[in-house]
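>>> Sharing a model that was predicted from the sequence below.
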Amino acid sequence: MLPTVSVALCTHNGAAFLEQQLNSIALQSRLPEECVISDDCSEDETLAIAKRFQANAQFPVRIFQNAQKLGVARNFDLASSKCRSSLIFLSDQDDIWLPDRITQTLQKFVEDPQLTLLHADAELVDEKAQMLGLRLFEALELSEQERSLQDAGQTFKVLLRRNIITGATTAFKRDLLHIASPFPSCCVHDEWLGLMASASGKVARLDQPLIAYRQHGNNQFGARKRSVSEKIIKAFATTRLYYETVLQRAEALQQRLLAFESEISAVNIQLAKEKWMHMSCRANLPAKRLKRILPICAEISTRRYWRYSTGWQSIVRDLCFTP
């Protein structure tokens, strides 16, 4: 039996671009079985646009309005939980799907029944949907080593270092929600889904753009290459809150995997534990920079900066951050 398709589309004050996104879904070469729109307390014309689409769409469109603002991750959790199909395609409110996004994604899931989650490249466009001459994976600086690890079925190791999955390009089996939901408030939804999928199943990457990923002033999460100087400025601008947040994410990951340890390999549970140990060390670095040198050197000796953070980039951040 071929997979069925639900679109989980989250909105919040998205009137500027929502109609174009909805039209791109309606023009897919293979239409979805349904579209679930979860609105997070919009105050503009978002709901009116969604309801006009609902009235004319060739497939069922169900609209839900949150009684109180949930934020991006919890809203995607809610929207996904409302989906009825075997595959869930995540959709932001401000992008544009290329016509064969559903068709090409379905092909990958049919070819590989073990596949749990697929993410793809994207064309970066500006507010007017004009090409920026840059693709998503290029902006993310996806390395050959990361590609090789993914291709070898070791996406979990990649994601323990950093997130390379963008939710707007993602589709996953609904069964994943058994482990992944509820999404923890400390994590971005796409990062969390990627971690859960790669820890318990198989994640694959499609090196072909399936959407136009719009970059504009109100992006919740954007994508662009940062210069070396920008990375250095970011290192000095980092505060203790960053370390508290990433430690919370490591703790949430470890706890969730332990809660489902009968379904997760002992190797992945151990990797998650080591990630937590590494982030605990980083989160407890002394306030004075000189006093950080010894604990940072000790952590360098374990090689955990390269397995669970971004190597020298993270080391520089740890040396420079402002308490």
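Cool, the structure landed. These figures come from a predicted structure and were not determined experimentally. Numbering: from 1, shown residues only.
>>> So the residue nearest to Ile300 when sequence neighbours are not counted, which state does it fall into?
For Ile300, ignoring the flanking residues on the chain, the nearest one in space by CB to CB, 6 or more residues apart in numbering is Ile315 at 6.8 Å. Using the backbone N, CA and C atoms, a C-beta is placed for each residue, glycine as well. Following DSSP: H, G, I helix; E, B strand; the rest coil, we place Ile315 in the helix state.
>>> show me what contacts Ile315?
With contact set as CB atoms under 8 Å, 6 or more residues apart in numbering, Ile315 has these partners: Ile296, Ile300, Tyr305.
>>> Check it and give its pLDDT.
For Ile315, the pLDDT comes out at 96.
>>> before we move on, back to that, buried only: go through the contacts of Ile315 for me.
Among these, those buried by neighbour count (16 or more other CB atoms under 10 Å) are Ile296, Tyr305.
>>> host element of Tyr243?
helix 240-259 (DSSP states H and E).
>>> so what does that helix touch, helix or strand wise?
Applying 3 or more CB pairs under 8 Å, 6 or more residues apart in numbering; DSSP states H and E, one finds that helix 240-259 contacts helix 189-200, helix 266-283.
>>> So in this structure, where's the weakest helix or strand by average pLDDT?
helix 228-237 (a mean of 64; mean pLDDT, DSSP states H and E).
>>> Contacts for stretch 274-282, please.
In contact with stretch 274-282 (CB under 8 Å, 6+ apart) are residues 160, 243, 246-247, 249-251, 253-254, 295, 298-299, 302, 304-305, 307-309, 314, 318.
>>> Just the CA atoms of that stretch, as PDB, please.
Backbone C-alpha positions of stretch 274-282 (Å, rounded to 0.1, in the frame of the first residue of the first chain) are rendered in PDB as follows:
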ATOM      1  CA  GLU A 274      28.300  11.300  26.500                       C
ATOM      2  CA  LYS A 275      26.700  14.300  24.800                       C
ATOM      3  CA  TRP A 276      25.100  15.200  28.100                       C
ATOM      4  CA  MET A 277      28.500  14.800  30.000                       C
ATOM      5  CA  HIS A 278      30.200  17.100  27.400                       C
ATOM      6  CA  MET A 279      27.500  19.800  27.600                       C
ATOM      7  CA  SER A 280      27.500  19.600  31.400                       C
ATOM      8  CA  CYS A 281      31.300  20.400  31.300                       C
ATOM      9  CA  ARG A 282      30.700  23.300  28.900                       C
END
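>>> Same list, the contacts of Ile315, but as a markdown table with distance to Arg135, secondary structure and pLDDT please.
Shown next, in a markdown table, are the contacts of Ile315 (distance: CB to CB, whole Å; DSSP: H, G, I helix; E, B strand; the rest coil; pLDDT from 0 to 100):
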| residue | distance to Arg135 | secondary structure | pLDDT |
| --- | --- | --- | --- |
| Ile296 | 34 | helix | 98 |
| Ile300 | 33 | helix | 98 |
| Tyr305 | 28 | helix | 98 |
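>>> Relative to Arg30, which of the contacts of Ile315 is nearest.
Tyr305 (44.1 Å; CB to CB).
>>> So the closest one versus Val72, what's the distance?
Remark: distance between Tyr305 and Val72 (CB to CB, to the nearest Å) = 29 Å.
>>> same question, Ala122
Taking CB to CB, one finds Ala122 at 18 Å from Val72.
>>> and what of Arg161?
Taking CB to CB, one finds Arg161 at 23 Å from Val72.
>>> that older thread, please work out which of the helices and strands packed on helix 240-259 is packed deepest.
Among the helices and strands packed on helix 240-259, ranked by average contacts under mean count of other CB atoms under 10 Å, first place goes to helix 189-200 (a mean of 26).
>>> That'll do, ta.
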